[in-house]
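1. Sequence and predicted structure, then a few things I'm wondering about:
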Amino acid sequence: MSGNKQDEDPRINGIKTKIRVVPDFPKKGIMFQDITTVLLDPKAFKDTIDLFVERYRDKNISVVAGIEARGFIFGPPIALAIGAKFVPLRKPKKLPGETIFEEYELEYGNDRLEMHVGAVEAGDRALVVDDLIATGGTLCAAINLLERVGAEVVECACVIELPELKGRQRLKGKPLCMLVEYR
Ligand SMILES: O=P(O)(O)OC[C@H]1O[C@H](OP(=O)(O)OP(=O)(O)O)[C@H](O)[C@@H]1O
Ligand SMILES: Nc1ncnc2[nH]cnc12
C-alpha cells in the first residue's frame, strides 16, 4: 500500500470487490461508493483496518481524528491498535462542549465540521481518517481544525479516492494514503 498504488497488496483487491457502487444516490449523477458492504465481510473489514494499522503503528501518531459519519467506523479501531486517542470531528450541533468549526462544500451540498476544544493539543501528531475523498473539502476542513489548535497533521487516510475530483490538491500539501481508486 502507498499513497497512490492500489494493487500492491493482495488484500486491496478483496476490499475493492466489496465496495458497492450505487448510481444516482443521493442525487442524479453521483456514483455513490457504499462502504457498508465492506463491513458485511469481516475479512475485508479487518484487512482494511490492518492495512492502515501496519502503515501507522510506528509513526508516533498521538491522535486519530475521524470524520462523521463514516470516519467513525474506520478511525476508532485504527486508534486503538496504534495506541492513539480518538477525536470525533462532528457535523453541526452534536458536540456538547465548547467547539471550534470549519465550513466546507461537498459534491452534493454544504456542511460544517466541529471539534471539541481541548481534545487535541498543540504538538499532537494527527492522522485524519475518513472513508472517502471526493472534492477534498471535508478533509481540508479537518486539517484546518487540527492545525488551528497546533497539531501536526501527519497524513490523511481514506479507503476510497475519486481522483477525477482532484481532492488531493486541497489537502494543503499533506500526504494522502488511500486503498482503492474509483474512476
Ligand atoms: O471530499 P469531499 O467532497 O468533501 O467528500 C467526502 C465526504 O463526503 C462523505 O460524507 P458525507 O458528507 O456525505 O457525510 P456522511 O458520512 O455523514 O454520510 C464522505 O464520507 C466524506 O466525509
Ligand atoms: N461519490 C461518493 N460516494 C460516497 N460518498 C461520497 N461523498 C462524496 N462523494 C461521494
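-> Thanks, I have it. In this text, all values refer to a predicted model and were calculated from it rather than measured experimentally. Ligands and ions are numbered 1, 2, ... in the order given.
2. which other residues reach the longest helix seen in the chain?
-> When the chain is parsed with DSSP state H, its longest helix is helix 42-56. Contacts with helix 42-56, where a contact means CB atoms under 8 Å, 6 or more residues apart in numbering, come from 1, 9, 11-12, 14-15, 17-18, 38-39, 74, 77-78, 81-82, 127, 129, 155, 157, 159, 177, 179. Bear in mind the C-beta positions are built from the backbone N, C-alpha and C, glycine included.
3. Which strands border the helix or strand following it, and is each parallel or antiparallel?
-> Downstream of helix 42-56, the first helix or strand assigned by DSSP states H and E is strand 63-67. According to DSSP bridges, strand 63-67 forms sheet pairs with strand 85-89 (parallel), strand 125-133 (parallel).
4. Just the C-alpha atoms of stretch 63-70, please, in PDB.
-> Only the C-alpha atoms of stretch 63-70 are listed here, as PDB (Å, rounded to 0.1, in the frame of the first residue of the first chain):
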ATOM      1  CA  VAL A  63      -4.400  11.400  17.800                       C
ATOM      2  CA  VAL A  64      -6.700   9.800  15.200                       C
ATOM      3  CA  ALA A  65      -9.300  12.300  14.100                       C
ATOM      4  CA  GLY A  66     -12.300  10.600  12.500                       C
ATOM      5  CA  ILE A  67     -14.800  12.400  10.300                       C
ATOM      6  CA  GLU A  68     -18.600  11.900  10.900                       C
ATOM      7  CA  ALA A  69     -20.100   9.600  10.000                       C
ATOM      8  CA  ARG A  70     -18.100   7.100   8.100                       C
END
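5. hey, where'd the helices end up in the chain?
-> With helices called from DSSP H, the chain shows them at 10-18, 36-39, 42-56, 71-82, 137-148.
6. Which one of the ones you listed lies nearest to ligand 2?
-> Nearest to ligand 2 among the helices of the chain is helix 137-148 (7.9 Å), distances taken as CB to the nearest ligand atom.
7. Dump that closest one to PDB, keeping only the CA atoms.
-> Output of helix 137-148 as PDB, limited to C-alpha atoms (Å, rounded to 0.1, in the frame of the first residue of the first chain):
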ATOM      1  CA  GLY A 137     -13.400  19.800   1.100                       C
ATOM      2  CA  THR A 138     -14.100  17.700   4.200                       C
ATOM      3  CA  LEU A 139     -10.500  16.700   4.800                       C
ATOM      4  CA  CYS A 140      -9.400  20.300   4.200                       C
ATOM      5  CA  ALA A 141     -11.800  21.400   6.900                       C
ATOM      6  CA  ALA A 142     -10.500  18.700   9.200                       C
ATOM      7  CA  ILE A 143      -6.900  19.700   8.600                       C
ATOM      8  CA  ASN A 144      -7.700  23.300   9.300                       C
ATOM      9  CA  LEU A 145      -9.400  22.400  12.600                       C
ATOM     10  CA  LEU A 146      -6.400  20.400  13.700                       C
ATOM     11  CA  GLU A 147      -3.800  23.000  12.700                       C
ATOM     12  CA  ARG A 148      -5.800  25.800  14.400                       C
END
